[in-house]
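1. Sequence first, then the predicted structure, then my questions.
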Amino acid sequence: MEEKISKLESPLKINRRHFFSQLSTGIGSLALGSLLIPDLLSGGAPKAMPNQPLGIPHFAPKAKRIIYLFQAGAPSHIETFDPKPTLIKRMGEDLPDSVRNGQRLTGMSSEQAKFPLMPSAVKYKQYGKSGAWVSDYFPHIGKVADEICFVKSMHTDAINHDPAITFFQTGTQQSGRPSMGSWMSYGLGNENKNLPNFVVLTSKGKGISQGLYSKLWSSGFLDSKHQGVLMRSSKDAVLYLNDPDGLSRSDKRHLLDHVSSLNKIHHVETGDNEIESRIAQYEMAYRMQMSVPDVMDIKKEPQHIIDLYGEDSQVPGTFAANALQARRLAEQGVRFIQLYHQGWDQHANLPNDMAGQAKDVDQASAALIMDLKQRGMLEDTLVVWGGEFGRTNYVQGESFDPKNFGRDHHPRAFSIWMAGGGIKPGISYGQTDEFGYNVVKDPVHVHDFHATIMHAMGLNHEQLTFKDQGRRFRLTDVAGNVINDILT
Amino acid sequence: MAHEKKLIKKWIQQGAKFEKHWAYTAPVKAVLPKSEVSEWGHNEIDAFVLAKLEDNNLKPSKQANFETLIRRISLDITGLPPKQNQLKELLSDKSEKGLEKAIDIFLASPAYGERMTQAWLDVARYADSHGYQDDNYRSMWPWRDWVIHAFNTNVPYDEFLTWQLAGDLLPNATKEQILATGFNRNHPITQEGGVIDEEYRSYYVVDRTNTLGKGILGLTLECAKCHDHKYDEITQKNYFELYSFFNQVDEKGLRMMAGPATIKKYFADAPFMTITDNETAGILSYINKKEGDSIKVMVMNDSLPRTTFIFNRGEYTQPTDSVQPNTPEFILPFSDKFEKNRLGLANWLTDKNNPLTARVFVNRMWAMLFGDGLVLTSGDFGVQGSLPSHPKLLDWLARDFMDHDWDIKYLLKKMILSATYQQSSEVNQELLKLDPENRLLARATRFRMSGEMIRDYVLTVSGLLNSEIGGVSVKPYQPVGLWAETTSGTGLLKNYVQDKGEKLYRRSLYTFWKRTSPPPNMTLFDAPTRDNCEVRRQKTNTPLQALAMQNDVQILEAARVLAENMILENKDDTKTLHALFQRILIRQPDTEEFEVLEKYYTNALQRFENKEEKATKLLAQGTYKHSDTDPVKTAAFMLTAQVLFNLDETITKE
């Protein structure tokens, strides 16, 4: 990893020592025994800190933070936001070759003799002034349709979960590059001194689920302080957060003060300023021990908020609890909050499984939009909802049963939605053909999606680069166009 | 533009000489520079370093004190602090001779092979799981045992490489040589149900090619997979010619799923070799295998000749022209004497005219000892890589290494015996300003140890370290529920079942490496994920590291056990405090330091006085047996040990 040289050459001119000296002055001005920095406890939208170490947007950002509600496993676009009456009319017919047009198949349906078309397992309704179509699996999302921009023309290069999720998260199908959240952290810096900049929360539905893995929130070749921090619903919300039993807060303070004294003696002897930054990191760790449990404590929410997100929001580890958590983290200025809800891989038993999956996420997803709005935070918080690809318009396997069928992976067309910071509300963008198979208007590739999100955050996707192994890397690799039509 | 025009004009006026990029010409031994004013230095290395310092009007630093040096050398060679029972001997003769003797002791220790293997595992992207989702178990650890053995028996680097790249193709290949080829089967393998087999099979060949580039040649070959390299001379044709060396393996892209893979403890995909008691009774006697077990290890073979095509834009679905195995001519033409297979490739790599292989390895060894390589970009010696800070020194060392038959122990000893290496790491603000990154080497660089080294250090000084060598990977303490939460594991890798007893205290290179959820106390300290070849780790300083140091059971337990032992071994509190400090920092405290420590201890004791229950709670760390010591006192000493474990100095190579 070429961190040192790369940083000197980085267009953002980030200097590690500069960063640490900033940090250590900040801490030096506090009494070592002080507890929390007050900005954590103040409510409302966070303010950017002066002397932000990395915060150098390329132009005025619309969004300051992102909450990405990733639906892992790939929800079917046919049963979510892209109704296709033709499929009802042509139910059971074979997918015309002219429509398939050479699309490669996964190992799971490559042996299949026929590709009988199957319409949506659920009915659709139109909602709001925008008249957006939303399936009956998602009545709550329907009610906030006027806040949402539905993108129905997404497409990707990958056809299997691991490469496809990795592509969405890192801009490439193979592992090793930094995650989106790491790029944002690298490009925009931190708004909160007491919490990590990039937080990951996971939950799992009852549907067939594909595993998650830490490389999805890895910082790749970027400095590991940009790594996503998994916050868990278990006792240790952040790894190693809790002190051992028998050690009080005051014992800990006492211990750290002496660590610090001895470190200072050694600093004088060696002259190495890295020791100063070690002291600073220990202080931040100490503050995190307070700030993390505090921000994770959803029990503090009033009843009307609990009602808004649904009763699941009080069950740690559920999507609803994580959505509420996400709002709390956003309030504290966490830059990138990544949720994953697993269980959307409906190769079989779609009508039943998908109803359950939707129930897990529908109310809380909509609640998050409303909650952010009522706090005045929706305008600078970008919420994204979607999976890694779509699903086939035909059934997977040899049997054909409208009550119990499955759909295979489909990379060529699918739907996601975005809302808030910098995104036009109440619109639908892009269009698929009458079969829901190919994009026919305004295609949005994964690279375009990244470029657009970065734009909303005030970053030029071609300018935010990091040099590693002789090459300047971008989240968008060598592609990506900002979709201006969906930006405010 | 005007400036560039001028430059070109000037260049033409000077004769328009066009020279090959420095790294593509074979290294030569330059005449040693001789200083007119200074007598400083022990060996050739110092002559080059001193010349550069004098060019910059700088002087070298004084030699580090002997205790510091012994600790530094021990960490560098064995990855562990010096043993307490050896310290007296090691410190008895503080002359140059004494130091050399210490170096020899460390190099002869089996811990040396483990330390070197630890570094090689990053290059070889070693793991105990296949990676990708549905992550499952693989048994590649016998290959790791071979690496340890190879380093300990000081197998020359050219042979070390040849066996790993082409051991199976050597005439009358031994089982040992075949086992070594596991190197190129260490890459991740998918078992995701729906994948297209050929897509992934080609990924694996790409991985081997890129590993050859980054790990052995110091080249960013991967850039030329999709198009001719933008900066270096590597063409897309060059890339696929190299690719074709690795494209003859009879393997699958999708590893076998379900039934056998999930229930069998030892499972490998073809091609593999089987290690049974027969093998361990013979040439593979160093494989630390349970009697009766038969273990499958993936290895290389060339049993399925394939025609290799250049892929348009690097896409496996778009083959264009066919190519033959070959190597880039601008590095070194591929001799007719060499066979057009992996063995020929190994011969080409280890040809003494190859300009890259020795330089890249010598540079990485330098980085291991000095913190940074002479070429900062250890994985990129190409045009976009950084220039060497001391080009003649690098070349001298590379040539000298080859002249001494690629002898790794010789190379390390040469570096460690230099006055450059033995300098003090203390720095004044003036020097810090002039040379913040220490590129000129007017001092030693002090830097944080790796996560593995920190854990091993703590285990060693607390007396807990289990020094068994090799064998199946172990599962020490890890935060509960981590594997289950990420949900990517199948079969044996679904839930983390922590080991018990002695297995909790093995060296960290034996810690089970699950790619989709690697051990957090390693990754927090910048260990790579092992998905790809990595040659250089970052050295970050983060709050999450501070939390791990304070609250990882492994460390808390070590503090508790060390406190118990020190109480039992020493007569009074003052002696115990001294012993604690000396054990952990391998030196005596100065007066000021001792005062702080004593004050801390006294106060900690008060905090636990008459609170035996609180003390007992604190002491309930880990499963290691408790000694019969006074809980209040033990708690206070345990926390004192924690203060010391959490010092910057403890986790730093000074």
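-> Sure thing, it's come through. Residues are numbered from 1 along each chain as shown, chains lettered A, B, ... in the order given.

2. okay, CA-based contacts and neighbour counts for the rest of this
-> OK.

3. Residue B:204 and residue A:318, how far apart?
-> 37 Å (CA to CA, to the nearest Å).

4. Mind checking which of these two has more residues around it?
-> residue B:204 (24 against 20; other CA atoms under 10 Å in any protein chain shown).

5. The host helix or strand of the more buried one: which residues count as buried?
-> Taking DSSP states H and E as the definition, one finds residue B:204 inside helix B:197-211. Within helix B:197-211, the residues scored as buried using 16 or more other CA atoms under 10 Å in any protein chain shown are B:197, B:200-211.

6. how deep is residue B:325 tucked in, by neighbour count?
-> Neighbour tally, residue B:325, other CA under 10 Å: 23.

7. make that residue B:53, sorry
-> Neighbours of residue B:53 (other CA under 10 Å): 16.

8. hmm, back to that, and of the buried residues of helix B:197-211, the nearest to chain A?
-> Set against chain A, the nearest of the buried residues of helix B:197-211 by CA to the nearest CA is residue B:197 (7.9 Å).

9. Can you verify my assumption that the closest one contacts residue B:254?
-> Yes. Contact criterion CA atoms under 8 Å: residue B:197 and residue B:254 qualify, at 5.3 Å.

10. returning to that earlier point: list, out of the buried residues of helix B:197-211, those positioned next to chain A.
-> Restricting these to those within reach of chain A (CA under 8 Å from any CA of the partner chain) leaves residue B:197.

11. could I get the buried residues of helix B:197-211 as CSV with pLDDT?
-> Shown next, in CSV, are the buried residues of helix B:197-211 (pLDDT from 0 to 100):
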residue, pLDDT
B:197, 88
B:200, 92
B:201, 94
B:202, 94
B:203, 94
B:204, 95
B:205, 97
B:206, 96
B:207, 96
B:208, 97
B:209, 97
B:210, 96
B:211, 97
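
12. Mind pulling up the pLDDT for the one residue in the stretch 401-550 of chain B that gets nearest to chain A?
-> Nearest residue of the stretch 401-550 of chain B to chain A (CA to the nearest CA) works out as residue B:488 at 3.7 Å. Looking at residue B:488, its pLDDT reads 76.

13. That one - how many residues pack around it?
-> Residue B:488: 24 neighbours (other CA under 10 Å).

14. Can you pull the phi/psi pair for it?
-> Main-chain dihedrals, residue B:488, degrees, to the nearest 10: phi -90, psi -10.

15. closest point of the stretch 201-350 of chain B to chain A, which residue?
-> At 6.4 Å from chain A, residue B:220 is the closest residue in the stretch 201-350 of chain B, using CA to the nearest CA.

16. contacting residues for that residue?
-> A:469, A:470, B:210, B:213, B:214, B:379, B:380, B:382 (CA atoms under 8 Å, 6 or more residues apart in numbering or on different chains).

17. closest to residue B:11 among those residues?
-> When the contacts of residue B:220 are ranked by distance to residue B:11 (CA to CA), residue B:382 comes first, at 22.1 Å.

18. Out of the helices and strands in the chain, which is least certain?
-> Since you didn't name a chain, this refers to chain A. helix A:16-28 (a mean of 32; mean pLDDT, DSSP states H and E).

19. meant chain B actually
-> Sorting the helices and strands of chain B by mean pLDDT, DSSP H and E puts helix B:258-263 at the bottom, at a mean of 46.

20. So which elements touch whichever helix or strand comes after that helix?
-> Downstream of helix B:258-263, the next assigned helix or strand under DSSP H and E is strand B:272-275. In this structure, strand B:272-275 makes packing contacts with strand B:295-298, judged by 3 or more CA pairs under 8 Å, 6 or more residues apart in numbering or on different chains; DSSP states H and E.

21. got the buried residues for stretch A:118-138?
-> So, applying 16+ other CA under 10 Å, buried residues of stretch A:118-138: A:118-121, A:124, A:127, A:130, A:132-138.
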